[in-house]
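J.: return atomic coordinates for the entry below.
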Amino acid sequence: MTNAKPAASVPYSAPRRVLKAYENLGFLKSRDARAIRMLCEYLEPLSRFQRLQVRETIVMFGSARARPMAAVKPETEAAQAERRRQKDKVSATLQSNLERMNMEMRLARYYEDAAELSRLLTVWARSLDPGNRFVICSGGGPGIMEAANRGATERAGGKSIGLTISLPTEEQANPFISPELLFEFHYFFMRKLWFIYMAAALIIFPGGFGTMDELFEVLTLVQTRKIGRPLPIILYGRKFWQDFIRFETLVRWGTVSAQDLKLFKLCDNPREAFNWLSRELLRAYPRPVTWGLNEGAATPP
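T.: Sure thing, here's the model as predicted:
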């Protein structure tokens, strides 16, 4: 009988802790987890809005390039003073600067109007109910977005929402957004969903490609009844809109109906816009919309 050697003992080692999938940031930031990230940009805002009882918004769009009158006017006056000094020998540089300042003054007027309209709407909404009715919502950036948040918070003492998005050239969120209602999105389409999901009204100020993208997408959704609830829309600044696009041309060419031009209203001053919109909102939403199962007229798109 041979003597068998005992088997070598395996040293004991405690089992290593395995990283759970939902704690694995490498995975969560990967292409495979894109659907999870999209879902997060729906569920996290939903949870916060429900907790804060925000269900009705007034969304304000417009140019990010507009600046307040207090910043633009001194620069314009300085350029005009230099124009007087140069008399008949105005340099090309100064002429270009004067033209730019003239444009900025026009946009500054819209900045001030946006802030005033936001203030009027916020004071009115707070008088309706102690809760959060018709909260001002913007894209959270500078320009008209800043004016919208500023009018609601700084000038009316209310709350306002900022739906920002991460872009390589985007500035930080403006300082007039209520901190608990500040959001940053990665996906444009999820940001757009939250612009429209709770919107009781839209106010579109003069703007660029982003503003027009939002405007025509919403008009399409309302026209095709993908948004079935009432959604008053104001195009603010009659001179700009009539200069920019002749909506009647679409009717003349038969690409839209004459009835489609009733989907929005042109307004030219804060009081006119406020008077029309406050009436429309009370007619469409006489009672607060809640996050309950029965949302009445405010069925989400």
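
J.: can you give me the helices in the stretch 101-250 of the chain?
T.: Ranges of helices in the stretch 101-250 of the chain, per DSSP state H, counting those that start in this stretch, are 144-153, 188-197, 209-223, 238-244, 247-252.

J.: and the strands in this structure, which stretches?
T.: Listed in chain order, the strands of the chain (DSSP state E) span 57-61, 135-138, 160-165, 182-185, 199-204, 233-236, 265-267.

J.: any chance of those strands in CSV, plus mean pLDDT, distance to residue 289 and mean neighbour count?
T.: From N, CA and C alone the C-beta is placed, and that goes for glycine too. CSV is the format used below for the strands of the chain (pLDDT from 0 to 100; distance: least, CB to CB, whole Å; neighbours: other CB atoms under 10 Å):
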stretch, mean pLDDT, distance to residue 289, mean neighbour count
strand 57-61, 98, 10, 27
strand 135-138, 98, 12, 30
strand 160-165, 97, 15, 25
strand 182-185, 98, 20, 18
strand 199-204, 98, 8, 23
strand 233-236, 98, 18, 23
strand 265-267, 97, 22, 18
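
J.: now those strands as JSON lines including distance to residue 257?
T.: Output for the strands of the chain, formatted as JSON lines (distance: least, CB to CB, whole Å):
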{"stretch": "strand 57-61", "distance to residue 257": "25"}
{"stretch": "strand 135-138", "distance to residue 257": "30"}
{"stretch": "strand 160-165", "distance to residue 257": "32"}
{"stretch": "strand 182-185", "distance to residue 257": "35"}
{"stretch": "strand 199-204", "distance to residue 257": "21"}
{"stretch": "strand 233-236", "distance to residue 257": "16"}
{"stretch": "strand 265-267", "distance to residue 257": "17"}
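
J.: which of the ones you listed sits closest to residue 67?
T.: strand 135-138 (15.5 Å; CB to CB).

J.: distance from that closest one to the middle of the chain?
T.: Counting by CA atoms, centre = their mean, to the nearest Å, strand 135-138 is centred 7 Å from the centre of its parent chain.

J.: and it, what does it pack onto?
T.: Contacts defined by 3 or more CB pairs under 8 Å, 6 or more residues apart in numbering; DSSP states H and E place strand 135-138 against strand 57-61, helix 92-128, helix 144-153, strand 160-165.

J.: about what we covered before: nearest to residue 16, out of the helices of the stretch 101-250 of the chain?
T.: helix 188-197 (36.7 Å).

J.: who's in contact with that closest one?
T.: Here helix 188-197 makes contact (CB atoms under 8 Å, 6 or more residues apart in numbering) with 38, 41-42, 45, 59, 137, 139, 163, 165, 183, 185, 214, 217-218, 221, 227, 300-301.

J.: list the buried residues in stretch 219-239.
T.: Across stretch 219-239, burial judged by 16 or more other CB atoms under 10 Å covers 219, 222, 227, 229, 231-237.

J.: coming back round to it: which one of the helices of the stretch 101-250 of the chain is the most hemmed in?
T.: For the helices of the stretch 101-250 of the chain, the largest average neighbour count (mean count of other CB atoms under 10 Å) is found in helix 144-153, namely a mean of 29.

J.: please save the CA atoms from that helix in CSV.
T.: Output in CSV follows, covering the C-alpha atoms of helix 144-153 (Å, rounded to 0.1, in the frame of the first residue of the first chain):
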residue,chain,number,x,y,z
ILE,A,144,-35.3,86.0,-22.6
MET,A,145,-34.9,82.9,-20.4
GLU,A,146,-33.2,84.9,-17.7
ALA,A,147,-35.8,87.7,-18.0
ALA,A,148,-38.6,85.1,-17.5
ASN,A,149,-37.0,83.7,-14.3
ARG,A,150,-36.1,87.1,-13.1
GLY,A,151,-39.6,88.5,-13.4
ALA,A,152,-41.0,85.6,-11.4
THR,A,153,-38.5,85.4,-8.6
